[in-house]
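Chemist: what shape does this take:
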Amino acid sequence: MVYCFSLFSLVVFCVIHGALFAQIPDYIKVCKREQSTINECVKSSIEKLRPNLIAGIPELNVPSLEPFYIPEILAVSGELVPLKASGKDVKVSGAGNFTIKSISVDLDTFTLRGRVRFPRLHLDGRYNLDTQILIVPLRGEGNLVANAVKCDADILLKSQRTMRDGKEYVKFTSLNVDLTIKDYRIRLDGLFNGNKALGDATNEAINQNRDEFLKTTQPYLEKTVAKILLDAANKIVANIPLDELLPEA
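Modeler: Residues are numbered from 1 along each chain as shown. Coordinates of the predicted model:
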């Protein structure tokens with residue numbers, strides 16, 4: 001379910017990509033550095049980009065949101081319970097129907113807060129898992145199918161200004177996320193070396209205790225994806241002066 005967050009962050013960061021062009025494309029709405037208008041401008045920019053996001057923007061290296069592919073996510077942790085998990089070649093459908101619930105940009109601190117909702121997401125991919133939920137050991141690899149409804153992602157992106165060669169730049173210093181999922185169902189094929197009876201029983205146990213399953217896996221996945229996106233965001237803006245990224249009003 002961490003995919004909700006990663007997709008939202010992609011949507012927000014694609015607005016920043018507009019500064020990479022010598023001539024900004026028509027589908028990029030430039031936002032001025034004006035506190036009274038920045039929130040609505042950023043929201044409007046993302047809404048204007050929606051058709052391009054759904055189709056993909058090759059010149060920005062932004063993949064299509066319908067479907068959205070995640071090559072690999074790794075999670076290894078000894079916190080709470082031992083966890084070794086990976087997801088590969090995950091196809092996410094439904095991301096293009098996102099709704100922006102709120103966006104708040106503080107131009108004094110260059111802090112962004114936002115909430116986005118994905119009404120329904122469908123995930124299909126491969127997994128490898130070695131962990132324990134409650135008293136049930138979970139080990140196996142195979143196909144993963146999941147459906148989530150009303151997936152809300154609250155993000156907090158912080159940054160600082162830096163000077164280099166007489167020009168001012170922005171560096172993102174931290175990115176945090178808080179996920180809220182109304183409900184989801186998951187199916188893991190291949191548990192217990194493909195034993196169908198044990199696999200069916202374990203999948204039923206996972207879904208009956210899905211709050212505990214999410215609580216166990218969510219923190220590490222959020223942290224991992226946040227780091228990846230923070231690194232990517234800093235690479236995007238590293239060589240763009242602030243006056244080009246957000247021109248003065």
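Chemist: which stretches of this protein form helices?
Modeler: Along the chain, counting by DSSP state H, helices occupy 3-16, 35-55, 196-208, 210-237, 242-245.
Chemist: which of those has the lowest average pLDDT?
Modeler: Among the helices of the chain, helix 3-16 has the lowest mean pLDDT, at a mean of 51.
Chemist: now the spatially closest residue to residue 202 that is not a sequence neighbour, which residues is it bridged with?
Modeler: Among residues not flanking residue 202 along the chain, residue 191 sits closest, at 5.3 Å (Cβ to Cβ, 6 or more residues apart in numbering). In short, each C-beta sits where N, CA and C put it, glycine included. Counting by DSSP bridges, residue 191 forms beta bridges with residue 140.
Chemist: test my guess that residue 191 contacts residue 197.
Modeler: No: using Cβ atoms under 8 Å, residue 191 makes no contact with residue 197, being 10.5 Å away.
Chemist: surely residue 103 meets residue 155?
Modeler: No: in this structure residue 103 lies outside contact range of residue 155 using Cβ under 8 Å: 9.8 Å.
Chemist: anything in contact with each of the two?
Modeler: Common neighbours of residue 103 and residue 155 (criterion: Cβ atoms under 8 Å, 6 or more residues apart in numbering): 112, 113, 114.
Chemist: list the contacts for the second one?
Modeler: This points to residue 113. By Cβ under 8 Å, 6+ apart, residue 113 lies in contact with 102, 103, 104, 154, 155, 156, 157.
Chemist: number of nearby residues for residue 231?
Modeler: By other Cβ atoms under 10 Å, 12 other residues sit near residue 231.
Chemist: mark which of the contacts of residue 113 are buried, thanks.
Modeler: 103, 154, 155, 157 (16 or more other Cβ atoms under 10 Å).
Chemist: tell me how far residue 152 lies from residue 186.
Modeler: As judged by Cβ to Cβ, to the nearest Å, residue 152 and residue 186 stand 18 Å apart.
Chemist: still on that earlier bit, now the shared contacts of residue 103 and residue 155 in CSV, with distance to residue 173?
Modeler: Below are the shared contacts of residue 103 and residue 155 laid out as CSV (distance: Cβ to Cβ, whole Å):
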residue, distance to residue 173
112, 12
113, 15
114, 17
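Chemist: inside strands: which ones of these?
Modeler: Among those, the ones falling in strands (DSSP state E) are 112, 113, 114.
Chemist: any idea how far residue 84 is from the closest residue to residue 124 other than its chain neighbours?
Modeler: Nearest non-adjacent residue to residue 124, counting by Cβ to Cβ, 6+ apart: residue 91, 4.9 Å away. Distance of residue 91 to residue 84, computed by Cβ to Cβ: 23 Å.
Chemist: so how far is residue 198 from the residue nearest to residue 202?
Modeler: Taking Cβ to Cβ, one finds residue 191 at 7 Å from residue 198.
Chemist: now swap in residue 238 and tell me
Modeler: When residue 238 is compared with residue 198 (using Cβ to Cβ), they lie 50 Å apart.
Chemist: with residue 148 instead?
Modeler: Plainly put, residue 148 is 25 Å away from residue 198 if you go by Cβ to Cβ.
Chemist: return the member of the ones in strands among the shared contacts of residue 103 and residue 155 nearest to residue 172.
Modeler: For those, the closest approach to residue 172 (Cβ to Cβ) belongs to residue 112, at 9.4 Å.
Chemist: pLDDT score for the residue lying closest to the closest one once chain neighbours are set aside?
Modeler: Spatial nearest neighbour of residue 112, excluding adjacent residues (Cβ to Cβ, 6+ apart): residue 157 at 4.3 Å. Per-residue confidence (pLDDT) for residue 157: 86.
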